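# Show me the folded form of this:
(chains A and B)
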Protein chains: 2
Amino acid sequence: MKKKIAILATNGFEEIELTSPKEALEKEGWLTEIVSPETDSIKSWASTDWGKSYKVDKTLENANPSDYDALMLPGGVINPDNLRTNEKALAFVKAFFEVGKPVAAICHGPQTLISAGVVEGRKMTSYPSIKTDLMNAGVEWQDKEVVVDKGLVTSRNPDDLPAFNKKMIEEIKEGKHEHSF
Amino acid sequence: MKKKIAILATNGFEEIELTSPKEALEKEGWLTEIVSPETDSIKSWASTDWGKSYKVDKTLENANPSDYDALMLPGGVINPDNLRTNEKALAFVKAFFEVGKPVAAICHGPQTLISAGVVEGRKMTSYPSIKTDLMNAGVEWQDKEVVVDKGLVTSRNPDDLPAFNKKMIEEIKEGKHEHSF
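Below you'll find the model as predicted:
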C-alpha cells in the first residue's frame, strides 16, 4: 500500500527543510500532506526572510494521526516556536510516538518534540542553539549530520538534508518500530 | 554616580522590547549601551516582520561587563536563538550573575540565560513557548506579568513591559544583590 506521510508545519518553516524531504518522499511514490493549525496556506522562511506560501492540505483540526505512516517536522526558528504551544499539535505528534511510527525532525523541529514530552532517553541531534534544551530534556545529543534512534530521525540544518532524507526513507520503509515512547 | 546598563541584542530582537526598556532606563537619567556581536547596526523584528535598524554602541568584542551596573535582554524569536550559540555572549551574561548585578530578560530573552547556565533554582517567567525548556533547566516557572528573584527580573511578552520596566528599575536602584549564581 502507498505510504502517506504528514508534514506538520506552520508559518515560518524553513522552506528547503519542507520542500526537499517532501520531494524525496514523493519520489518514492508516496503521498505527503502538509498538516497545519492554519487553514489555507502557510508562509515559508527562506534563509533570511519570509518566502513563498504553501497550501495546507489538511487542517490540524481535521487531521487524524492514524491516517499516516510517518511524520516529518521541518525547522525554521518561528515555526516550531508556534507549534510547540499548540495542544492539538502536541497531541498529533505524541500519537506517532505512542505506536512507534517513524518521525523525522530537522533543525529547530525537535523543539516541538520537547514540548510533546517524547524525547527523554533518545539519541538525537538538532540545530546547535537548542542542544542544551534537548540535553536538559534527557536527550543524548550528538553532533552528526543525521542521528537515527528506533524510527526517530534527526538532523542539524539544511546542509544535512541528503543524509536526513535518505535515513527518513529507510525508517519509513521499515515501518513501525518497537514502542518508542 | 550615573548607572550604566548594557542591552545585549543581535538581529531579530523584538523592537518594542528594546526601545521601551531603553527609554524607561534613560528617563531615570541613566546611560544605556546596545552591546552586540554585530559591529555596525542590528535589525529589529517588529511583531510580524523585520523592522528598523539600530546602531550598535559597543561590540561584544570590546564590551567589558564590569563597565555596567546591569544587563537587559530583549526577546524576539531570532535574536536569542543566535546569541545563545555565541560563547562571548554567554561569558558576558555570566559575568553579571557572578557578581549579583541585576539582569532583566523578557519574552525569549531567557533562552540565552539557559545556555549561559545561570537559571537553575531561580523563579522566572518567559514567553510560554520556552516554559518547558526553562523548567527542564531547573527554573520554578510562574505565569505572571513580572517575576523578580534576587535581582533577576523576567516578563512574558510586550504587554508586560510597564510592569517589567518598573521592576527592572527598582532592582537596578537596589544595586548588587546577594551572590546570585
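# Backbone dihedrals for the most centrally placed residue in chain A, please?
For chain A, the residue nearest the mean C-alpha position is A:L73 (1.6 Å; C-alpha atoms, centre = their mean). According to degrees, to the nearest 10, the main-chain angles of A:L73 amount to phi -120, psi 110.
# Show the pLDDT at it.
In the predicted model, A:L73 carries a pLDDT score of 98.
# Can you tell me who it pairs with across the strands?
Counting by DSSP bridges, A:L73 is bridged to A:A105.
# contacting residues around it?
A:7-9, A:80, A:93, A:103-106, A:109-110, A:112-113 (C-beta atoms under 8 Å, 6 or more residues apart in numbering or on different chains). Backbone N, C-alpha and C define where each C-beta goes, glycine included.
# Now with 7 Å, please.
Residues touching A:L73, when contacts are defined by C-beta atoms under 7 Å, 6 or more residues apart in numbering or on different chains, comprise A:L8, A:A105, A:G109, A:T112.
# want to try a markdown table for the residues you listed, with neighbour count and pLDDT as columns?
What follows is these, written out as a markdown table (neighbours: other C-beta atoms under 10 Å in any protein chain shown; pLDDT from 0 to 100):
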| residue | neighbour count | pLDDT |
| --- | --- | --- |
| A:L8 | 31 | 98 |
| A:A105 | 29 | 98 |
| A:G109 | 28 | 98 |
| A:T112 | 27 | 98 |
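# Nearest to B:E174 among these?
Of all the contacts of A:L73, A:T112 has the smallest distance to B:E174: 39.5 Å, by C-beta to C-beta.
# Let me know the secondary structure of that closest one.
Reducing the assignment at A:T112 to three states with DSSP: H, G, I helix; E, B strand; the rest coil gives helix.
# Next up, the contacts around it.
Contacts for A:T112 (C-beta under 7 Å, 6+ apart) come out as A:L73, A:P80, A:L83, A:R84, A:A89, A:V93.
# same question, A:F164
Counting by C-beta under 7 Å, 6+ apart, A:F164 touches A:P21, A:A104, A:I106, A:V146, A:V153, A:S155.
# Mind doing that once more with 6 Å?
For A:F164, the residues meeting the contact criterion (C-beta atoms under 6 Å, 6 or more residues apart in numbering or on different chains) are A:I106, A:V146, A:S155.
# would you list those in JSON lines and tack on distance to A:P128, neighbour count and pLDDT?
Compiled in JSON lines, the contacts of A:F164 are given as follows (distance: C-beta to C-beta, whole Å; neighbours: other C-beta atoms under 10 Å in any protein chain shown; pLDDT from 0 to 100):
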{"residue": "A:I106", "distance to A:P128": "13", "neighbour count": "32", "pLDDT": "98"}
{"residue": "A:V146", "distance to A:P128": "15", "neighbour count": "21", "pLDDT": "98"}
{"residue": "A:S155", "distance to A:P128": "12", "neighbour count": "31", "pLDDT": "98"}
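# Noted, bye for now.
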